[in-house]
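*Asks:* Let's see this in three dimensions:
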Amino acid sequence: MTTRVPAAPERALHIITGLGVGGAEQQLRLLLRHLPVDCDVVTLTRPGPVAEGLTADGVRVVHLGMGGNRDLAALPRLVRVIRAGRYDLVHTHLYRACVYGRLAARLAGVRAVVATEHSLGDTQMEGRRLTAGVRGLYLASERLGSATVAVSPTVADRLERWGVPAPRIEVIPNGIDLDRFRFDPARRARTRRRLGLPAGAYVVGGIGRLAPGKRFDVLIRALALLPDDCWLLLVGGGPEEHVLRRTAHQAGVAGRVLFTGERPGLPDGSPGPDLPSLACAMDLLAAPSEEEAFGLAVVEALACGLPVRYGSCPAVEDLPRPAAAGARQVRGGAEAYARAITEARAAGPGPRTAPQAAHRYSIARSAARLMDVYAAAVSSPSSPSLLGASPS
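*Replies:* Numbers count the residues shown, from 1 in each chain. Coordinates of the predicted model:
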């Protein structure tokens with residue numbers, strides 16, 4: 001008797017809510033570089049910088065032009081795109097895309113539907129409060145899929161508490177390109193010069209969307225408690241940038257806070273350093289968010305050999321402590337972070353080599369595990385019911 005090997009999909013469609021600069025969006029671009037599948041992407045809204053990057057990589061990107069959460073006219077448009085593409089599998093990312101994408105895939109006749117849960121916290125998802133309505137709609141759409149990928153065991157536990165059956169959950173962590181983030185002293189010196197940083201500056205970095213949940217205001221207030229040779233480099237853009245700039249002025253540290261924006265650029269308008277170069281320029285990464293699903297910025301910083309002080313990071317917390325010896329959790333506000341940064345600086349610079357934790361989160365490993373999920377979904381004889389029953 002021979003064992004049948006599950007067949008992998010030949011064509012897959014990824015559906016995501018938007019393609020501005022964010023962790024889930026950039027993770028999708030990196031993943032597609034490593035998946036041995038012909039993939040297209042549909043973005044429901046905001047075809048921003050990541051859409052441009054995907055296009056440059058040779059990926060076909062379709063902008064659905066969805067007007068908002070209740071733009072139901074987008075559903076038949078999405079069904080038509082899926083049918084026209086003759087996809088073997090549909091993979092959805094982020095809340096709105098999961099709700100609409102799973103239903104559209106089933107209406108289009110695609111049986112294999114996988115979703116990745118990137119951003120489920122204890123009290124919020126992608127900045128929206130976790131009301132009974134949000135949870136109910138999520139669970140109803142989840143039953144139309146084949147499997148839900150959690151980016152950490154912490155997220156898997158949250159999904160189970162919500163009511164997603166454990167056999168439908170697969171834990172596949174986010175991945176990074178270790179070679180891109182390897183520390184390079186020449187790149188560090190060059191990037192610091194381009195940013196106009198003083199030669200002896202101690203640079204604290206913050207990486208992520210400038211949104212309230214990231215708590216970057218804590219770092220600005222902490223900076224006011226630190227010596228004048230300490231600087232803060234905030235990498236990312238978002239709705240809180242004007243608030244954070246005002247906070248820096250009020251704290252008297254505006255001259256020591258650098259904002260790169262979503263697309264780092266230089267004062268003359270030329271393109272600025274990329275994220276690995278900016279990480280090289282830092283001396284420490286601080287991530288004060290208290291509710292994360294994974295903590296991708298922390299893992300990228302560790303890959304660059306940076307010490308890290310964080311509020312929440314399942315990517316580290318789910319591992320034995322020696323795997324990420326340079327990472328320490330900080331509880332509290334500006335004073336606590338000022339103390340933690342002072343202590344890290346006093347300890348002196350480390351060797352800037354990637355710890356075991358960073359190697360654990362290789363994008364090649366994550367892509368290989370995802371292919372196993374794809375193969376199981378495509379080969380499954382069961383088919384989710386549009387009436388909401390889970391597959392047997």
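*Asks:* what sits against the closest residue in space to Ala224 that isn't next to it in sequence?
*Replies:* The shortest distance from Ala224 to any non-neighbouring residue, by CB to CB, 6 or more residues apart in numbering, is to Ala251 (4.2 Å). Yep, even glycine has a C-beta here, placed from its N, CA and C like the rest. Counting by CB atoms under 8 Å, 6 or more residues apart in numbering, Ala251 touches Ile220, Arg221, Leu223, Ala224.
*Asks:* Next: Gly109.
*Replies:* Listed by CB under 8 Å, 6+ apart, the contact partners of Gly109 are Arg83.
*Asks:* so how far is stretch 288-303 from its chain's centroid?
*Replies:* With CA atoms, centre = their mean, to the nearest Å as the basis, stretch 288-303 stands 9 Å off its chain's centre.
*Asks:* Also stretch 69-85?
*Replies:* That offset, for stretch 69-85, works out to 25 Å (CA atoms, centre = their mean).
*Asks:* same thing with stretch 230-237?
*Replies:* Here stretch 230-237 shows a centroid-to-chain-centroid distance of 18 Å under the convention CA atoms, centre = their mean.
*Asks:* can you list contacts of that stretch?
*Replies:* 21, 195, 197-198, 201-210, 216, 219-220, 223, 244, 253, 256-264, 275, 278, 281-282, 341.
*Asks:* Neighbours of Ser146, how many?
*Replies:* 25 (other CB atoms under 10 Å).
*Asks:* okay, the longest helix seen in the chain in PDB with CA atoms only?
*Replies:* As assigned by DSSP state H, the longest helix anywhere in the chain is helix 363-379. Extracted in PDB, the C-alpha atoms of helix 363-379 (Å, rounded to 0.1, in the frame of the first residue of the first chain):
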ATOM      1  CA  ILE A 363      11.500  33.000   6.600                       C
ATOM      2  CA  ALA A 364      12.600  29.900   4.700                       C
ATOM      3  CA  ARG A 365      11.500  27.700   7.500                       C
ATOM      4  CA  SER A 366       8.100  29.500   7.900                       C
ATOM      5  CA  ALA A 367       7.500  29.300   4.100                       C
ATOM      6  CA  ALA A 368       8.200  25.500   4.200                       C
ATOM      7  CA  ARG A 369       5.800  25.000   7.000                       C
ATOM      8  CA  LEU A 370       3.100  27.000   5.200                       C
ATOM      9  CA  MET A 371       3.500  24.800   2.200                       C
ATOM     10  CA  ASP A 372       2.500  21.800   4.300                       C
ATOM     11  CA  VAL A 373      -0.600  23.700   5.400                       C
ATOM     12  CA  TYR A 374      -1.400  24.500   1.800                       C
ATOM     13  CA  ALA A 375      -0.900  20.900   0.700                       C
ATOM     14  CA  ALA A 376      -3.200  19.600   3.400                       C
ATOM     15  CA  ALA A 377      -5.900  22.200   2.500                       C
ATOM     16  CA  VAL A 378      -5.800  21.400  -1.200                       C
ATOM     17  CA  SER A 379      -5.900  17.600  -0.600                       C
END
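*Asks:* on that earlier part again, so which of the contacts of stretch 230-237 belong to strands?
*Replies:* Those of the contacts of stretch 230-237 mapping onto strands are Tyr202, Val203, Val204, Gly205, Gly206, Ile207, Val257, Leu258, Phe259, per DSSP state E.
*Asks:* Apart from its chain neighbours, what residue comes closest to Glu290?
*Replies:* Nearest non-adjacent residue to Glu290 (CB to CB, 6+ apart): Gly311, at 4.5 Å.
*Asks:* for Pro239, same thing?
*Replies:* Nearest one to Pro239, counting by CB to CB, 6+ apart, is Ala211 at 6.2 Å.
*Asks:* Need the per-residue pLDDT for that neighbour.
*Replies:* Note for Ala211: predicted pLDDT of 91.
*Asks:* Quick one: neighbours of it, just the number.
*Replies:* 18.
*Asks:* what's the answer for Arg60, then?
*Replies:* Neighbours of Arg60 (other CB under 10 Å): 13.
*Asks:* ok, now Glu25?
*Replies:* 24.
*Asks:* and it, what is it in contact with?
*Replies:* Applying CB under 8 Å, 6+ apart, the residues contacting Glu25 are Ile16, Gly18, Leu19, Val50.
*Asks:* Wait, Leu75 touches Gly101, no?
*Replies:* No. Under the criterion of CB atoms under 8 Å, Leu75 is not in contact with Gly101, lying 9.7 Å apart.
*Asks:* more crowded one of the two?
*Replies:* Legend: neighbour count by other CB under 10 Å for Leu75 and Gly101, higher for Gly101 (30 against 17).
*Asks:* quick one: average pLDDT of the helix or strand where the more buried one lies?
*Replies:* Gly101 is part of helix 95-107 when elements are defined by DSSP states H and E. If you average the pLDDT over helix 95-107, you get 95.
*Asks:* for the longest helix of the chain, what is the average pLDDT?
*Replies:* Regarding helix 363-379, the rounded mean pLDDT is 95.
*Asks:* Identify all contacting residues around it.
*Replies:* 4, 6-9, 12, 30-31, 33-37, 88-89, 91, 111-114, 146-147, 149, 170, 172-177.
*Asks:* Please narrow those to those residing in helices.
*Replies:* Members of the contacts of helix 363-379 lying in helices (criterion: DSSP H): Leu30, Leu31.
*Asks:* Quick check: ChimeraX command selecting the buried ones in the contacts of helix 363-379.
*Replies:* If you want just the buried ones from the contacts of helix 363-379 in ChimeraX, going by 16 or more other CB atoms under 10 Å, the selection is:
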select :8,9,12,30,31,34,35,37,88,89,91,111,112,113,114,146,147,149,170,172,173,174,175,176,177
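*Asks:* In strands, which of the contacts of helix 363-379 fall?
*Replies:* When DSSP E is applied, the contacts of helix 363-379 are split such that Ala12, Leu89, His91, Ala112, Val113, Val114, Ala147, Val149, Glu170 fall in strands.
*Asks:* quick one, what contacts the residue nearest to Glu290?
*Replies:* Arg215, Ala287, Pro288, Ser289, Glu290, Glu292, Gln329, Val330, Arg331.
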